[in-house]
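1. just the structure for this:
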Amino acid sequence: MDKLNCAVVGCGNIAQGYDSPEDSRIRTHVKAYLENANCNLVGVCDQDKNKLQDLQSRWGLIPIFNNLELMLSSNNIDLLSICTPTEFHLESFKAAANSNIKQVWMEKPSSYDPECIQKMIEVESDMGMKVYVNYFRRYDLGFAKVKEALDDLGRISHVIGYYSKGMKNNASHLVDLLVWFFGKASNPELLSDLSDDFYPSASFKLEFNDTNAHIFNFDYKNYEIFELDIIGSKGRIKILDGGKFIEFYEVSDSKHYVGYKNFTMKEKHKGSLDVFMQKGLKKILGSDQMPTLQEDLYIQVLMNKLLTS
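-> Numbering: from 1, shown residues only. Below is the predicted model of the structure:
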């Protein structure tokens, strides 16, 4: 296949800061492009010159720009990563559309405003674009295996999640997974007051058919947590440490008490989240299904209902 010309707007952690050239992890857009033989990284744009200098000091002489329109007009770009703060996504997206860029890989959420996402969906359709929203846990085979194994759990009676670092940040990842696993949710309800800090958070409940999901928030200043526990009549699945480990359980006879049953672990999956951006890029290059703007619109409508309830 011909190499894709790729570029990045926004030069923060998810763009390049989480990675370094020295280790094997691939958790950023820049490193994913640099490590893929089918990609040319033709430019990175940011208005902060210090960030651009840091980029070049770490990754070498990547072409840098502090004006997005200049970067877009200077290159024939096939795939643009939008890694700016969420409130600037629409501006970057419009610039991409005006430059006739056909593929955009956008950090989540695409916008906090559902009306803004709807506008992007309309432009995407009118311009023949493909926009991928970076809900990266869906790229991991372990999470795909969870989705496939749900039928083996029997009647699911309890879904319990734990998160820290904000409703709009980590909680939206949890909600995306829940909707991906169980379908559309109903009756979103806050179970606690919304915290008044840098990452507004609360515990909340969502209903999926005849199953309720209860999600509990924790103070990010104490520690980070991202876990999900799915319990059914025939088994159980635990998603631990952000998805780095996933445990699958079945119901079996107790080894200690006659007539009793308990959960026995049958498999433990080690996730591949250390290379999640590599996985996502491979899916894009292979034209595999990626999270869409339409799916993110649904997530953000749910989150807004919770935040305003």
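
2. how about the helices of the stretch 1-150 of the chain, start to end?
-> Along the stretch 1-150 of the chain, the segments classed as helices by DSSP state H, counting those that start in this stretch run 29-35, 49-59, 68-74, 89-98, 114-127, 141-149.

3. right, I mislabeled it, should have said the stretch 151-300 of the chain
-> Along the stretch 151-300 of the chain, the stretches classed as helices by DSSP H, counting those that start in this stretch are 172-182, 276-285, 293-307.

4. elements contacting the longest one?
-> Contact partners of helix 293-307 among helices and strands, from 3 or more Cβ pairs under 8 Å, 6 or more residues apart in numbering; DSSP states H and E: helix 114-127, strand 130-133, helix 172-182, strand 186-190. Every residue, glycine included, has its C-beta placed from N, CA and C.

5. buried ones in that helix?
-> Using 16 or more other Cβ atoms under 10 Å as the test for burial, helix 293-307 gives 293, 295-300, 302-307.

6. so, low pLDDT: which residues of the chain?
-> Applying pLDDT under 70 to the chain picks out residues 1.

7. walk me through the domains of it.
-> 4-135+276-291, 141-271 (automatic domain parsing).

8. mind giving me a markdown table with those domains and columns for mean neighbour count?
-> A markdown table is the format used below for the domains of the chain (neighbours: other Cβ atoms under 10 Å):
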| stretch | mean neighbour count |
| --- | --- |
| domain 4-135+276-291 | 18 |
| domain 141-271 | 16 |
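
9. what's the distance between the residue nearest to Phe136 when sequence neighbours are not counted and Val9?
-> Closest residue to Phe136 apart from its sequence neighbours, by Cβ to Cβ, 6 or more residues apart in numbering: Phe276 at 4.3 Å. Distance of Phe276 to Val9, given as Cβ to Cβ, to the nearest Å: 20 Å.

10. just to revisit the earlier point, can you redo the helices and strands packed on helix 293-307 as TSV with distance to Lys244?
-> Shown next, in TSV, are those (distance: least, Cβ to Cβ, whole Å):
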stretch	distance to Lys244
helix 114-127	30
strand 130-133	22
helix 172-182	14
strand 186-190	28
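
11. which among those is found nearest to Tyr163?
-> helix 172-182 (5.5 Å; Cβ to Cβ).

12. can I get the CA coordinates of that closest one in PDB?
-> Taking C-alpha atoms only, helix 172-182 is exported to PDB below (Å, rounded to 0.1, in the frame of the first residue of the first chain):
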ATOM      1  CA  SER A 172     -17.000   8.700  29.500                       C
ATOM      2  CA  HIS A 173     -14.600   5.800  28.700                       C
ATOM      3  CA  LEU A 174     -16.600   3.600  31.100                       C
ATOM      4  CA  VAL A 175     -19.900   4.700  29.600                       C
ATOM      5  CA  ASP A 176     -18.600   4.000  26.100                       C
ATOM      6  CA  LEU A 177     -17.700   0.500  27.200                       C
ATOM      7  CA  LEU A 178     -21.100  -0.100  28.800                       C
ATOM      8  CA  VAL A 179     -23.000   1.000  25.700                       C
ATOM      9  CA  TRP A 180     -20.700  -1.000  23.500                       C
ATOM     10  CA  PHE A 181     -21.300  -4.100  25.700                       C
ATOM     11  CA  PHE A 182     -25.000  -3.700  26.500                       C
END
